[in-house]
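A.B. asks: Here's a sequence, model it:
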Amino acid sequence: MTIKVIGLIQLNDLEAFEEYRSQVGDTVALYKGNIISRGAFNQFLWNELECKSFNAFVELEFPDLGHSQAWATSPEYLGLLPIRNKAMKLTLFSATT
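C.D. replies: Next up is the predicted model:
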């Protein structure tokens, strides 16, 4: 069972975002994850959950839920939180495929 981790991103500081982005991939790889895609948000087609608007998204993939949870709570990733908090607001969730 593959686990996807999806991030919805509201950018606050582009310079901090680039700094975060240059480092986060290494933390994902440490926990057997991969960055599958990154992109910009265009428009809602349906929004019955009333999700707030966002600028960008990221899709990660991990071999299982344990690896995704270990990454999200890892010292390596938590060390990026000061940069991340300056760069963006983030909604991060996992999904089974």
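
A.B. asks: switch to C-alpha atoms for all contacts and neighbour counts from now on
C.D. replies: Noted.

A.B. asks: so what does the one helix or strand residue 20 maps to touch, helix or strand wise?
C.D. replies: Secondary structure assignment for residue 20, by DSSP states H and E: helix 14-30. Under the contact criterion of 3 or more Cα pairs under 8 Å, 6 or more residues apart in numbering; DSSP states H and E, helix 14-30 touches strand 34-40, helix 65-72, helix 75-78, helix 81-87.

A.B. asks: Dump those to a markdown table, plus mean pLDDT and mean neighbour count.
C.D. replies: A markdown table is the format used below for the helices and strands packed on helix 14-30 (pLDDT from 0 to 100; neighbours: other Cα atoms under 10 Å):
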| stretch | mean pLDDT | mean neighbour count |
| --- | --- | --- |
| strand 34-40 | 97 | 13 |
| helix 65-72 | 98 | 17 |
| helix 75-78 | 98 | 15 |
| helix 81-87 | 98 | 17 |
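
A.B. asks: mind putting the ones you listed in CSV, distance to residue 2 included?
C.D. replies: Below are these laid out as CSV (distance: least, Cα to Cα, whole Å):
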stretch, distance to residue 2
strand 34-40, 11
helix 65-72, 8
helix 75-78, 21
helix 81-87, 26
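
A.B. asks: Nearest to residue 17, out of those?
C.D. replies: Residue 17 lies closest to helix 81-87 among those, at 4.6 Å (Cα to Cα).

A.B. asks: From residue 73, how far off is the closest residue to residue 77 other than its chain neighbours?
C.D. replies: Among residues not flanking residue 77 along the chain, residue 27 sits closest, at 5.9 Å (Cα to Cα, 6 or more residues apart in numbering). Using Cα to Cα, to the nearest Å, residue 27 is found at 11 Å from residue 73.

A.B. asks: now do residue 66
C.D. replies: Distance from residue 66 to residue 73, by Cα to Cα: 11 Å.

A.B. asks: so how many other residues sit close to residue 88?
C.D. replies: By other Cα atoms under 10 Å, 20 other residues sit near residue 88.

A.B. asks: So it sits against residue 17, correct?
C.D. replies: Yes - here residue 88 lies in contact with residue 17, judged by Cα atoms under 8 Å, at a distance of 7.0 Å.
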